[in-house]
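sharing a sequence plus its predicted fold:
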Amino acid sequence: MVNKPLQSVNNIFVIALIIVISFAIISMLLRNNSVSLMYFGDTYSSAIDLLVIITLFYATIRSVRYGRRAYIAWLFITLAFSFYAIGDILWAILELGFHQTPFPSVADVFYLTFYPFFALGIYYLPRFSFTRRENLKIFLDMGIIIITVGLLFWTFLIVPTFSSPENSFANIVSVIYIIGDFLLFFVLLRLLYSKFDEYMGPVLLLSMGVLIMIITDSIYAFQTLQGTYISGGLLDTGWILSFVLVGLAAFLQASNEKIDLKRFSHIIIWIQKSNLVSYLPFIWVLIAFTLLIWANDNPFIQNYDLIELIVGFIIFLVIIRQIITFNENKNLLIIAEKEIESRKNAENKIKLSLEEKNILLQEIHHRVKNNMQIISSLLNLQTRYVDDEEAVNVLKESQNRVRSMAMIHEKLYQSNDLSHINFVDYIQSLVSNLFYSYNIKNLQIKSILEIDDIRLNMETAVPCGLIISEIVSNSLKYAFPNEMHGEILVSFKSVEDGYELIISDNGVGLPEELDFDNNKSLGLILVKSLTEQIDGEITIHRNHGTEFKIRFKELKYKERM
């Protein structure tokens, strides 16, 4: 059973936001009272430090479930911030209790110890393997960024610090802080070039906290040089925010709840597609080049030649990186071309296979049609040896049914589409053959065909063709006795979401006593059965002849391998 957390992640984020905003507001309200501001800043910072340390220790204990490496990583991070918190407490004691200037002092020993321990903690965080080429690109990218940042630190912080007429020991300590921030920046880059997943929420918050700390430390170093730093002032909000972010990371590491990064999937996808990380070296080389231009316009810069040399080296690294990227893209292009050529070969094989399959299906339809024609011929031959007129009619009806199905297979093997029948051509041929079979002359009975351009699959075409054959045959045999003249209409239309088949004649009509639902005529039984087979509805009208109206939908085509 999973223990329920004391507070949800959302509530903790709200509390963290209140802590940071409260410090900033109170700091602004006390800006005109330096003593109160100093007391407030030192006590508030120490309280937040202790709260974060407790959370970090809890996260370290809970990290055992993620493995030994994760446990060691969070242990080092906890120790690092514990040293930082001791430094804050000593700073407050010296500043509030002994009214001494805390910099430089024993507090700096603990502040400076923070940097190597934190770097070790980041080093032990779960790492991701990259290919040799990816590692080389990352090495060049980080080299470009680190050299550029180092140049900025050297120009704006280290050189001015050593040039300061103040205590030389304080200057040395200040430079060590700058080196420590430089180390933090290095480990931050390591996180930046990692691959994140749903468990990387704590690492993201940790990275944000480190970045805020670096920026705040850099501003502090600059303000110290200018003599403008105020203890407990608005700048201290940066350190509060960095500690709060680290505390949030620790809480998230310890909690069973995780940040659902899927909510930001569109942002992550956009970042991956835009490949922003790959543009970082160009941004930093632009910064370095801007620094070179600025140094050229400022004659008091004494190390211009060094800046020029370093900027040149950075540009050289960018050129090497671009060569690697160019070769990588070239290789990817070659791979893509090969992939396209496999795919083309596969497509050609598939096309060839489909052509062979179509030829085989055409041959099958052709053979089925020939076999049915043989059956039809046998039935026709049989009529010559039968004297009974009723038996002859039965044989002729069977022959017509076989012909109607044979014609479907004939249309299929003659068509490029082996799954659908063009019903315009089919009905014309079917009706023409039926007239020929019963020796009907067009002068006596006319056929009227009103057919839309409709294509039906084989499942629907066969029963539909048999229905037409049965009803038209019935009209030719019985609707016009004694050489009576008349017309037979075959109408096949698309209506709404289905089809409507109408077969009518203006002959003598069906007998009044004939019950279609309870009839023993084989032809009408077939019509009823075939209509049910295509899920159709049939209605019969007996005014001025006979009309069969059938409405149905095309049956779903069963895929064939």
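That came through, no problem. Remember, predicted model here, so these are calculated numbers, not experimental data.

give me the number of residues near the closest residue to residue 296 other than its chain neighbours?
Here the nearest residue to residue 296 in space, its sequence neighbours aside, is residue 304; by CB to CB, 6 or more residues apart in numbering that works out to 6.7 Å. Where C-beta positions appear, they are placed from N, C-alpha and C, glycine not excepted. Other residues near residue 304 number 13, with proximity taken as other CB atoms under 10 Å.

with residue 535 instead?
Quick note: residue 535 (other CB under 10 Å) scores 13 neighbours.

who does the host helix or strand of residue 39 touch, helix- and strand-wise?
According to DSSP states H and E, residue 39 maps onto helix 34-62. Secondary-structure packing of helix 34-62 (3 or more CB pairs under 8 Å, 6 or more residues apart in numbering; DSSP states H and E): helix 9-29, helix 68-92, helix 236-254.

list the buried residues of the last one.
Going back to what we said before, that points to helix 236-254. 236-254 (16 or more other CB atoms under 10 Å).

and if you look at the first one?
Buried residues in helix 9-29, defined by neighbour count with 16+ other CB under 10 Å: 9, 12-13, 16, 19-20, 23, 26-27.

just the helices in the stretch 451-561 of the chain please.
458-478, 522-533 (DSSP state H, counting those that start in this stretch).

if you could redo that for the stretch 201-350 of the chain, that was the one I meant.
Under DSSP H, counting those that start in this stretch, the stretch 201-350 of the chain gives helices at 201-226, 236-254, 265-274, 280-296, 304-383.

point out the most buried one among the ones you listed.
Mean neighbour count (mean count of other CB atoms under 10 Å) peaks for helix 236-254 among those, with a mean of 24.

show me what that helix is packed up against.
By 3+ CB pairs under 8 Å, 6+ apart, helix 236-254 packs against helix 9-29, helix 34-62, helix 68-92, helix 201-226.

so how far is that helix off the chain centroid?
Centroid separation for helix 236-254 versus its chain: 33 Å, with CA atoms, centre = their mean, to the nearest Å.

how close does residue 50 sit to residue 19?
Residue 50 sits at a distance of 13 Å from residue 19 (criterion: CB to CB, to the nearest Å).

go on, residue 286?
Distance from residue 286 to residue 19, by CB to CB: 37 Å.

is it possible to get JSON lines of the helices and strands packed on helix 34-62 that adds distance to residue 42 and mean pLDDT?
Shown next, in JSON lines, are the helices and strands packed on helix 34-62 (distance: least, CB to CB, whole Å; pLDDT from 0 to 100):
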{"stretch": "helix 9-29", "distance to residue 42": "12", "mean pLDDT": "90"}
{"stretch": "helix 68-92", "distance to residue 42": "4", "mean pLDDT": "92"}
{"stretch": "helix 236-254", "distance to residue 42": "9", "mean pLDDT": "91"}
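
which one of the ones you listed lies nearest to residue 346?
helix 68-92 (44.5 Å; CB to CB).

how many degrees apart are that closest one and helix 34-62 in direction?
Compare the direction of helix 68-92 with that of helix 34-62 by axes from the mean of the first three to the mean of the last three CA atoms, to 10 degrees and you get 160 degrees.

ok, residues contacting helix 68-92?
When contacts are defined by CB atoms under 8 Å, 6 or more residues apart in numbering, helix 68-92 is touched by residues 42-43, 45-46, 49-50, 52-53, 56-57, 59-60, 63-64, 102, 105-111, 113-115, 117-118, 120-126, 206, 243, 246, 250, 253.

list the buried ones in that helix?
Result for helix 68-92 [16+ other CB under 10 Å]: buried residues 70-92.

can I get stretch 214-224 in PDB? Just the C-alpha atoms.
Output of stretch 214-224 as PDB, limited to C-alpha atoms (Å, rounded to 0.1, in the frame of the first residue of the first chain):
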ATOM      1  CA  ILE A 214      24.600  31.300 -10.700                       C
ATOM      2  CA  ILE A 215      22.800  34.500 -11.900                       C
ATOM      3  CA  THR A 216      22.400  35.700  -8.400                       C
ATOM      4  CA  ASP A 217      26.000  35.000  -7.400                       C
ATOM      5  CA  SER A 218      27.200  36.800 -10.500                       C
ATOM      6  CA  ILE A 219      25.100  39.900  -9.700                       C
ATOM      7  CA  TYR A 220      26.300  39.700  -6.100                       C
ATOM      8  CA  ALA A 221      29.900  39.700  -7.200                       C
ATOM      9  CA  PHE A 222      29.300  42.700  -9.500                       C
ATOM     10  CA  GLN A 223      27.500  44.600  -6.700                       C
ATOM     11  CA  THR A 224      30.300  43.800  -4.300                       C
END
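
before I go, just wanted to say thanks for your time.
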